[in-house]
Each structure stands twice: as C-alpha cells, then as structure tokens.
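Novice: fold the following.
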Amino acid sequence: MMLNYKTVQEIMEPMTLFCDADNPEQVYVKWLRKDHMEICALEDRKLQAFLSEQYRLRENLQYAPNLKTVLRVYENQAILKERTEALHQRIAGTAGYMEYFLADKNWKRVIIKPGGWNISNTGIYNFLKPASTQEQVLPAEQGNLALLDAYINLPPRELQLFKIHLIQLFMPHSTHLAMVLNSSKGTGKSTLSRIIRELIDPCLAGICSTPKSYHDFENLLANENLCILDNTAIFSEEISNLLAAAITGTSVTRRKLYTNREQVVSRLKTALVVNGIEIISPKSDLCERSLCYQLQKIEQKNRRTDTEFWNAFQCDKPQILAGVFDTISKAMCMKQELGLRKRHRMADAFEDMAAIAAAMDLDVEAFEDLFYNNVQRLQRQFAEANPVVEAVKACMITDGKKELHGPAGKLYERLRHTAYGKASTFPGSSSAFTRWLNGEGSDILKAAGFSYSHKRRHDYTEVTIRRIGGGQ
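Specialist: So this is what the prediction gives:
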C-alpha cells in the first residue's frame with residue numbers, strides 16, 4: 001500500500017520528538033492528548049497502533065497500515081537534531097519544588113511547593129509510564145500520617161525515626177540512607193517492605209528477591225529508583241561496595257557490542273530498602289550509609305488475615321499519602337532554619353531528615369539523638385559480627401579478664417588460633433593485623449565496646465585492647 005506522506009505529516013505535526021538525555025539514541029514522543037501531555041518511546045507498540053489508526057480514519061481505509069518504515073525516518077531525524085530532554089519515573093524535583101507522578105489515565109501529578117501541594121495535569125518534568133508502573137491512589141484533601149502507625153510494629157521512638165526516613169525517600173533531589181529492616185521471623189519485614197513500595201512507587205515488580213550475580217545487581221539498580229530487596233542474607237564485599245556506591249550515585253560501563261569498542265554507560269543512583277534476619281554488611285561503607293530498624297514480634301492477638309490487613313491499608317492510604325505531602329511541603333519551608341550541631345557523612349539526607357523532623361514538631365536535638373543512637377547501634381552490630389572482635393571476646397572470656405595486652409605479633413597469633421581466626425575476613429598476617437588496628441579496626445573495636453592503644457617498644461609494638469564499661 002502506498003502511503004500518503006502528507007497525511008502522516010499532519011498526524012505527526014502536533015507531536016514533539018526528542019532523545020533521552022541519558023541515552024541519546026532512544027527517541028521519545030511527547031504530544032497533547034485531550035487535556036494532558038503523554039510521553040512514550042517512538043517504538044512503543046501502543047503509540048504505533050494509535051498512529052496507524054489515526055491514518056486509517058483520515059484516509060477512510062478498511063485496515064490500518066504498518067507505519068514502521070516511515071517512523072524510522074522520523075527517528076533518524078530526531079537523532080540527528082540532537083534535541084535531548086530528561087526523563088523521570090514517578091518522582092522528580094529540587095529542594096524547593098517537587099512533582100509526584102500518579103500514573104493514572106489522565107497523567108496527573110502532585111506538585112509540592114513550600115507551604116502546600118496541589119494536583120495538576122501538567123508540570124515541568126517529563127514522566128514515563130512503563131507497563132510495570134501502577135497507578136497511585138489520589139491523595140485525600142486532609143492528610144493523617146498517624147494512620148500509618150497501625151501498620152508498623154516498631155517501638156514509639158524508632159517508629160518516629162522510621163517515618164522521617166520513609167518521607168525522605170520521597171525526595172528525588174537528595175541521596176538516601178539505606179533502610180535496613182533487620183529482625184527475626186514473624187515480625188512482618190516483607191509486609192512492611194510492601195507498604196513502603198505501595199506508598200512510594202507502586203509497580204508490578206513489587207519487592208524483589210536478591211539477584212544471584214553482580215551483573216544482575218547492576219541491571220536491577222540501573223532500572224530502579226527505589227530498590228527493595230526481600231529476605232536478603234549477608235552481602236559479599238563486592239556487592240556491598242556496589243550498593244554503597246549506588247546509594248550516593250555511580251556509573252557502570254560495558255561494551256555495547258563485542259564487534260566494536262562502543263560503550264554503554266548506566267547511571268546508578270537508587271533508594272535502597274533491604275530486609276532479612278542477618279544482613280550486617282562485611283564492608284563498613286554500606287553500614288555507615290544505612291539506618292537499621294528492628295521490628296517487634298507480632299503478638300497472636302494482633303495478627304490479621306492478608307485480606308483484612310490490605311483492605312484496611314488501602315482505605316487509609318489516601319490520607320497517609322496526603323500526610324506525607326503535607327510534611328514535605330512544610331519541611332521545604334524549614335530547611336534554612338535548622339541549627340544542626342553536627343552533620344552525618346550523608347549530609348544531604350541528614351539535613352532533609354532534620355527538616356522533616358521539624359515539620360513533624362520534633363526539635364533538632366531530639367532528632368539528632370534518635371538518628372545517632374540508630375547509627376551507633378548498627379555500627380555496634382556490624383562491629384560485633386567482625387571476626388577479630390569475636391576472637392577478642394573469646395580470649396577475654398577464657399582469661400576471665402577485660403583486657404588483652406602484649407606484642408602485636410603474639411596477640412595476633414593467639415586471636416588467630418580461636419574459632420574465629422579461620423574466617424575469610426580475618427587479617428592474613430601479623431602486619432595485616434597491625435594495619436587493621438591502625439585503620440578501620442580502632443573504630444570497629446570502639447563501636448563494639450573496646451578501647452585500643454599501642455606503644456612502640458625497642459623492637460616490637462605493644463598492643464592493649466580493653467573492654468569499656470561493664471560489658472561482657
């Protein structure tokens with residue numbers, strides 16, 4: 001069938017073609033449909049079906065033609081023009097302006113500004129709606145964040161920090177501390193992970209099992225703004241390093257084809273939520289970029305069926321979501337008024353959380369106490385899982401003393417011959433042990449409740465490790 005290119009041109013004229021800023025060879029189409037803008041890839045089958053149907057109606061044909069060849073011409077022209085625009089999924093914005101995409105049939109979004117928020121069909125950001133993205137409920141006019149408390153079995157103070165952390169995960173301009181849900185069986189870790197997913201970014205993928213390989217981890221992190229890993233075990237050092245880098249932002253490259261040297265660059269920056277029974281990372285970088293929440297056992301009298309639980313949550317969700325947006329808009333007004341005594345290494349996330357705490361009527365000092373108590377507890381858990389710390393405690397129990405003292409070489413040999421000295425992360429030599437003590441080891445021992453000191457003698461280094469306080 002011969003195509004009428006004038007008709008094709010008339011159909012395409014209202015549409016804007018551009019390339020993805022992160023992938024200049026991927027062409028997208030933006031056009032006004034009724035009262036809202038829609039965006040999708042030029043190769044999207046729904047778009048191609050829509051264009052073919054428009055052509056059939058205008059040309060009064062019985063069957064819709066295949067427009068793939070002519071669309072390829074438009075694709076090549078768009079690539080050559082080098083017009084690029086940034087694309088977003090679900091959330092986009094800055095410290096003082098934010099849009100949350102509801103992904104409904106009218107492409108509505110929540111626009112959040114200092115002092116308030118509203119729902120609109122238009123905004124300044126380009127959002128995509130992949131097939132896996134699910135529609136978010138329309139937030140209620142009156143927010144009630146307190147309704148969330150009934151679905152989270154945390155102690156009151158820890159619940160307060162959790163809600164601050166949860167709201168900060170909505171903020172797209174900032175980095176995010178990893179949220180670690182670490183507790184025993186029957187505490188609702190997976191259920192809470194699904195609640196987080198439902199509130200921030202509902203999608204068909206839901207929560208994910210832990211990928212098997214490093215490459216699978218890379219792919220997952222490259223395609224998720226919110227990555228939720230269910231029932232995880234201790235991460236390897238390699239995976240731990242990747243997750244720590246993805247929290248603050250990094251890039252990975254790989255060959256596009258084995259027949260040339262062209263590379264594909266994937267940007268990794270994601271909010272991370274992990275749950276499991278024992279998930280302390282063997283690498284302290286991830287530990288220092290995380291907050292840990294220990295859920296309480298669900299009592300028999302408080303257990304509900306899945307249907308009852310989720311029906312109640314879906315009923316409360318519009319008010320909870322509105323409460324989140326109320327808090328964010330209020331926090332935007334307060335960020336400049338914070339009198340922080342000190343800043344965490346994740347300074348942006350820490351400042352955002354402090355502003356959210358102020359918006360929730362929690363003073364700065366109380367927030368800092370909540371925050372740093374959590375950080376110290378996680379560091380202590382990490383430290384106590386270290387094989388050197390385990391070996392030190394074993395030797396002190398054997399001696400009935402709270403101190404180990406002696407030349408570094410002899411002390412190393414004694415620690416190495418405990419059951420913990422066979423661990424793969426135990427220092428491999430006396431010199432490696434000394435370097436560990438003078439590096440991260442001193443901080444790890446301190447977090448576990450020990451002090452460390454050393455003196456240089458004539459031909460050896462004398463080491464003293466002492467238990468602080470009355471710990472066992």
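Novice: endpoints of stretch 85-94, how far apart?
Specialist: Between the start and the finish of stretch 85-94 there is a gap of 17 Å, counting by CA to CA, to the nearest Å.
Novice: give the helix, strand or coil label for residue 463.
Specialist: Here residue 463 is recorded as strand under DSSP: H, G, I helix; E, B strand; the rest coil.
Novice: might you report the residue contacts of it?
Specialist: 404, 405, 406, 407, 408, 411, 437, 452, 453, 454 (CB atoms under 8 Å, 6 or more residues apart in numbering). For the C-beta atoms, the positions are set from N, CA and C on the backbone; glycine is no exception.
Novice: how close does residue 456 sit to residue 72?
Specialist: When distances are taken as CB to CB, to the nearest Å, residue 456 and residue 72 turn out to be 73 Å apart.
Novice: those two: who's more crowded?
Specialist: The neighbour count for residue 456 versus residue 72, taken as other CB atoms under 10 Å, is higher for residue 72 (13 against 8).
Novice: pretty sure the more buried one belongs to a strand, no?
Specialist: No. Membership of residue 72 in a strand is not supported by three-state DSSP, which gives helix.
Novice: and it, how close does it get to residue 23?
Specialist: 18 Å.
Novice: quick one, what contacts residue 187?
Specialist: Neighbour list for residue 187: 153, 295, 296, 297, 298 [criterion: CB under 8 Å, 6+ apart].
Novice: would you turn those residues into a markdown table with distance to residue 304, secondary structure and neighbour count?
Specialist: Putting the contacts of residue 187 into a markdown table (distance: CB to CB, whole Å; DSSP: H, G, I helix; E, B strand; the rest coil; neighbours: other CB atoms under 10 Å) gives the following:
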| residue | distance to residue 304 | secondary structure | neighbour count |
| --- | --- | --- | --- |
| 153 | 12 | coil | 18 |
| 295 | 16 | coil | 22 |
| 296 | 16 | coil | 15 |
| 297 | 15 | coil | 13 |
| 298 | 9 | coil | 14 |
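Novice: and those residues as a markdown table, adding pLDDT and distance to residue 135?
Specialist: Putting these into a markdown table (pLDDT from 0 to 100; distance: CB to CB, whole Å) gives the following:
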| residue | pLDDT | distance to residue 135 |
| --- | --- | --- |
| 153 | 90 | 28 |
| 295 | 89 | 29 |
| 296 | 87 | 33 |
| 297 | 85 | 35 |
| 298 | 82 | 30 |
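Novice: tell me which helix or strand residue 372 sits in.
Specialist: Here residue 372 is covered by helix 364-384, with elements defined by DSSP states H and E.
Novice: now for that helix, which elements pack on it?
Specialist: helix 156-168, helix 284-287, strand 290-293, helix 347-359, helix 442-447 (3 or more CB pairs under 8 Å, 6 or more residues apart in numbering; DSSP states H and E).
Novice: can you map out the helices along the stretch 201-350 of the chain?
Specialist: Using DSSP state H, counting those that start in this stretch, the helices of the stretch 201-350 of the chain run over residues 214-222, 237-248, 284-287, 306-334, 347-359.
Novice: for those, which has the smallest mean pLDDT value?
Specialist: Taking the average pLDDT of each of the helices of the stretch 201-350 of the chain, the minimum falls on helix 284-287, with a mean of 78.
Novice: what's the single longest strand in this protein?
Specialist: Residue-count comparison of every strand in the chain, with assignments taken from DSSP state E, identifies strand 23-33 as the longest.
Novice: okay, now the domains of this protein?
Specialist: Domain segmentation of the chain under automatic domain parsing yields 5-85, 145-383, 386-467.
Novice: how far does the longest one sit from its chain's centre?
Specialist: Using CA atoms, centre = their mean, to the nearest Å, the mean C-alpha position of domain 145-383 is found 6 Å from that of the whole chain.
Novice: for that domain, how far is the first residue from the last?
Specialist: The distance separating the two terminal residues of domain 145-383, taken as CA to CA, comes to 35 Å.
Novice: got the angle between the helix holding residue 372 and helix 347-359?
Specialist: Regarding helix 364-384 and helix 347-359, their directions subtend 130 degrees when assessed with axes from the mean of the first three to the mean of the last three CA atoms, to 10 degrees.
Novice: dump the residue contacts of residue 137.
Specialist: Taking CB under 8 Å, 6+ apart, we find residue 137 in contact with 314, 317, 318, 321.
Novice: that's a helix at it, yeah?
Specialist: No. Going by three-state DSSP, the assignment for residue 137 is coil, not a helix.
Novice: in stretch 399-411, what's buried?
Specialist: Buried residues in stretch 399-411, counting neighbours by 16 or more other CB atoms under 10 Å, are found at 404, 408, 409, 411.
Novice: swap in stretch 50-57?
Specialist: By 16+ other CB under 10 Å, the buried positions in stretch 50-57 come out as 50, 51, 52, 54, 55.
Novice: and what of stretch 58-68?
Specialist: Applying a neighbour-count criterion of 16+ other CB under 10 Å, one finds 64, 65, 67 buried in stretch 58-68.
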